[in-house]
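all I have is the shape, not the residue letters:
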Ligand code: FCB
């Protein structure tokens, strides 16, 4: 118990408390330091692609303000930082010539983090493929696998003396489906057959990179990040239950089964054949040895959890996602707030796949709260989201899940892909005219949770700070 009558959820002594970001969402510096063009630069240049017509050429200007961002993290008291490396900043053409200035940038960032007592958790790929590789077919072409292994080798040989924890790829589902099947993300293709090839090449690239990193970094701890979304049937009818199975098959198991069991899920393959996305029972893009490479053992699974999905069979007999009941809260993304799903997800992944360790590599909520008369952003809904999800995470640890850390998404308001700057996930607000950073009340709340290594189950009295602009001397 914490305060009178309030359950306190404590975390283990060595628990990692972090925040997460990604290069294309915060870095900017598009034309600086020898950086090449990424598919997201090209996509954002396409009229109509980004909801608010924006681009990420400057974004949060982290490229110039990274020292200030490390000070923010130091102030938060966190001991781990998940960020991504921009492939086009390091290999502007995707392969071949290395841009020394790009490696120098991440080298300095890593040193700065370590000096601040913050463990770096870099992700090699968070969606910014060099456009030069896209011009050669991108993730749809098998040669991209060699390119990714080369990139992993270049990066880990340079940073591996100081960075022990490596993540290969962020959310293969989003890349394959949003980028290649539905066209909502770069490169904006609408080709379901290509999406399946892309998913396979991503998994294979991951497996090949695991081997490259192990060669380059003795003692490395390596994982991949999967955005897990539990599927619940709207009713217990056979149709709705099967619709939930269908969703789980392609959203979750299509990626986790190859990684942990070395095979694609047969029912989901049959679903794809039935929908015409595969031409026959064979997946021609799968070559001998691929599944063994994909299932190369890893040290941790990164889990991004935001919400669940409720599935139903529609009148045409097709699976369909349905809206949560009106009394269920939605974030600005339209995603239902469902912390229980995080507890369920963690237990499920532990029991089904048994990764040695699990990290929550992203969890957070988009809410646009304006500053009050005093200039402070009192984002109570975000605090509530974090509090209830951290409570669920703590309960999962008590239930035996080897959950080793939590990374809040995100440190800063940032470029939320096709939504532009309209969806705000940050603990820290960013004024996109001046790039000034201002911790929201949730940042103060998170700082207190980190310091206590615990969260209270019920709302704590306001922890709001008294300085509008971040001051690292606080
Ligand atoms: C995840 C992405 C991350 C961010 C959050 C809101 O799918 O990994 O970059 O956009 O969603």
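Great, that's in hand. Small disclaimer: the values here were computed from a predicted structure and weren't measured.

near the ligand, which residues of the stretch 201-350 of the chain are found?
The stretch 201-350 of the chain comes close to the ligand at residues 227, 304, as judged by Cβ under 6 Å from any ligand atom. To be clear about C-beta, it is placed using only N, CA and C from the backbone, and glycine gets the same treatment.

apply 8 Å and report the result again.
Applying Cβ under 8 Å from any ligand atom, we find that the stretch 201-350 of the chain lies next to the ligand at 225, 227, 304, 306, 333.

the strands in the stretch 351-474 of the chain, which residues?
Along the stretch 351-474 of the chain, the segments classed as strands by DSSP state E, counting those that start in this stretch run 357-362, 403-409, 428-430, 437-439, 454-456.

now these as JSON lines including distance to the ligand?
Shown next, in JSON lines, are the strands of the stretch 351-474 of the chain (distance: least, Cβ to the nearest ligand atom, whole Å):
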{"stretch": "strand 357-362", "distance to the ligand": "6"}
{"stretch": "strand 403-409", "distance to the ligand": "6"}
{"stretch": "strand 428-430", "distance to the ligand": "15"}
{"stretch": "strand 437-439", "distance to the ligand": "19"}
{"stretch": "strand 454-456", "distance to the ligand": "21"}
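
same list (those strands) but as CSV, adding mean neighbour count and mean pLDDT.
CSV is the format used below for the strands of the stretch 351-474 of the chain (neighbours: other Cβ atoms under 10 Å; pLDDT from 0 to 100):
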stretch, mean neighbour count, mean pLDDT
strand 357-362, 25, 99
strand 403-409, 25, 99
strand 428-430, 23, 98
strand 437-439, 23, 98
strand 454-456, 21, 97
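
return the subset of the residues of the stretch 201-350 of the chain next to the ligand lying in helices.
Among those, no member falls in helices (criterion: DSSP state H).

and the residues you listed as CSV, adding pLDDT and neighbour count?
Below are these laid out as CSV (pLDDT from 0 to 100; neighbours: other Cβ atoms under 10 Å):
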residue, pLDDT, neighbour count
225, 99, 27
227, 97, 19
304, 98, 21
306, 98, 24
333, 98, 15
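
just those: which are in strands?
225, 227, 304 (DSSP state E).

out of the residues you listed, who's nearest residue 354?
Lowest distance from residue 354 to those (Cβ to Cβ) belongs to residue 225, with 17.5 Å.

state the distance from residue 93 to residue 188.
Distance of residue 93 to residue 188, given as Cβ to Cβ, to the nearest Å: 21 Å.

same check, this time on residue 293
With Cβ to Cβ as the criterion, residue 293 and residue 188 are 29 Å apart.

what does the stretch 51-200 of the chain put close to the ligand?
Checking the stretch 51-200 of the chain against the ligand by Cβ under 8 Å from any ligand atom, the hits are 126-127, 170-171, 174.

and if you look at the stretch 351-474 of the chain?
Counting by Cβ under 8 Å from any ligand atom, the stretch 351-474 of the chain sits next to the ligand at 362, 364, 366, 409-410, 416-417, 423, 425.

in helices, which of those appear?
Among those, DSSP H puts none in helices.

what's the pLDDT at residue 470?
Per-residue confidence (pLDDT) for residue 470: 38.

all strands for the stretch 1-150 of the chain, in order.
8-10, 16-20, 80-84, 119-125.

what number of residues lie near the residue nearest to residue 419 when sequence neighbours are not counted?
Of all residues not flanking residue 419 in the chain, residue 51 sits nearest, at 5.2 Å (Cβ to Cβ, 6 or more residues apart in numbering). A count of nearby residues for residue 51, using other Cβ atoms under 10 Å, gives 14.

do the same with residue 192
The burial count for residue 192: 17, using other Cβ under 10 Å.

next one: residue 448
Residue 448: 15 neighbours (other Cβ under 10 Å).

that one and residue 441, how far apart?
For residue 448 relative to residue 441 (Cβ to Cβ), the value is 11 Å.

kindly report the same for residue 304.
Relative to residue 441, and taking Cβ to Cβ, residue 304 is found at 24 Å.

how about residue 454?
Taking Cβ to Cβ, one finds residue 454 at 19 Å from residue 441.

got the strands of the stretch 1-150 of the chain as a markdown table, with mean pLDDT and mean neighbour count columns?
Output for these, formatted as a markdown table (pLDDT from 0 to 100; neighbours: other Cβ under 10 Å):
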| stretch | mean pLDDT | mean neighbour count |
| --- | --- | --- |
| strand 8-10 | 96 | 16 |
| strand 16-20 | 99 | 25 |
| strand 80-84 | 99 | 26 |
| strand 119-125 | 99 | 24 |
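
looking at these, which is nearest to residue 135?
strand 119-125 (17.7 Å).

strand partners (parallel or antiparallel) of the closest one?
According to DSSP bridges, strand 119-125 forms sheet pairs with strand 80-84 (parallel), strand 165-170 (parallel).

just the element for the spatially closest residue to residue 245 that is not a sequence neighbour, please.
Leaving out its chain neighbours, the residue that sits closest to residue 245 by Cβ to Cβ, 6+ apart is residue 267, at 7.0 Å. In the assignment (DSSP states H and E), residue 267 maps to helix 266-274.

which strands and helices sit next to that helix?
Judged by 3 or more Cβ pairs under 8 Å, 6 or more residues apart in numbering; DSSP states H and E, helix 266-274 is in contact with helix 238-248.

follow-up on the earlier one: kindly reformat the strands of the stretch 351-474 of the chain as a markdown table and extend each row with distance to residue 287.
Shown next, in a markdown table, are the strands of the stretch 351-474 of the chain (distance: least, Cβ to Cβ, whole Å):
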| stretch | distance to residue 287 |
| --- | --- |
| strand 357-362 | 30 |
| strand 403-409 | 34 |
| strand 428-430 | 45 |
| strand 437-439 | 48 |
| strand 454-456 | 47 |
